[in-house]
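Enquirer: Quick check, what structure comes out for this input:
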Amino acid sequence: MSKIFQIILFCISTLSAQESELPFTAGEQLEYRIHYGLLEAGKAKLIVQIKNDDFQFIANGKSTGLFKLFFKVKDRYESVVDKKCLCPIYFYRDVQEGKYKKKEAVFFNYTLQQAETTRDTIALPKNTQDLLSAFYYVRAQNYDSLKVGDKIHLEVFLDDEFMSSQLYYLGKDTIKTKFGWMPSTLWSPELETGRVFEDNYGMKIWLSDDENKIPLRIESKVLVGSIKMDLIKHKGLIEPLNQMKKQRK
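Expert: The predicted model follows:
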């Protein structure tokens, strides 16, 4: 399930954001159903709240249904970020997957320009994000000037290192969701192979084409099979989702 979370959260851009223009606010909650092939594998929930006048992002995931019978999962991710620049201050994850367990805490020290983990100290690259804060940071960007095929450089902290990638903008799309036909923007990250994903361009991400910019669907081929995640519940959005009566032609 942590690999599934890596899929939903592996996004980041290099632009800056202003609090007044943010597409989310405290109280937002997003819930997703995750399928591994035809099998329902789990659910994920993302929460935005305030902690000491900073944003606190929380992501919880668990296995469900038949998947839970042979592989029990319970994961929790937390990220505290500065409200103005969306720069991560603290990142924590507690992963329990079958017999495997891992806890990790990271402090981002901008004075010394280093990430201080439970095991190591690593130099910070520019536009630093953690695995969870990156998900919200990319939503805060202005995509109006992008053209199909444009790419954005990505940097995100994961497993005691920073991973570089490219996020490609594939243009506008319309998809059928639980909430009806939804206009969206389509993205595909170039990802590191050999860890989770089957090939470099095996993932597609649909963000709502409105002021919320929330992920509506994520599909990805992995080393064995495929994963699909769909939005099933939401509340606390800054505006109602831009639902269409029929498919965009």
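
Enquirer: which residues in this protein form strands?
Expert: 29-36, 39-51, 54-63, 73-81, 88-97, 100-109, 114-117, 121-123, 151-158, 161-177, 180-190, 203-208, 215-221, 226-235 (DSSP state E).

Enquirer: partners of the fourth one, with directions?
Expert: Strand 73-81 has the following strand partners under DSSP bridges: strand 54-63 (antiparallel), strand 88-97 (antiparallel).

Enquirer: CA atoms of it as PDB?
Expert: Provided in PDB are the C-alpha atoms of strand 73-81 (Å, rounded to 0.1, in the frame of the first residue of the first chain):
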ATOM      1  CA  VAL A  73      -2.000  -3.000   5.300                       C
ATOM      2  CA  LYS A  74      -2.200   0.000   7.500                       C
ATOM      3  CA  ASP A  75      -0.200   3.100   6.500                       C
ATOM      4  CA  ARG A  76      -0.100   6.700   7.800                       C
ATOM      5  CA  TYR A  77       1.700   9.700   6.300                       C
ATOM      6  CA  GLU A  78       1.900  13.200   7.800                       C
ATOM      7  CA  SER A  79       3.500  16.400   6.400                       C
ATOM      8  CA  VAL A  80       3.700  19.800   8.000                       C
ATOM      9  CA  VAL A  81       4.400  22.600   5.600                       C
END
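
Enquirer: Now it: average pLDDT?
Expert: On average, the pLDDT along strand 73-81 is 93.

Enquirer: Please state the offset of it from the chain centre?
Expert: Distance of strand 73-81 from the chain centroid (Cα atoms, centre = their mean, to the nearest Å) equals 12 Å.
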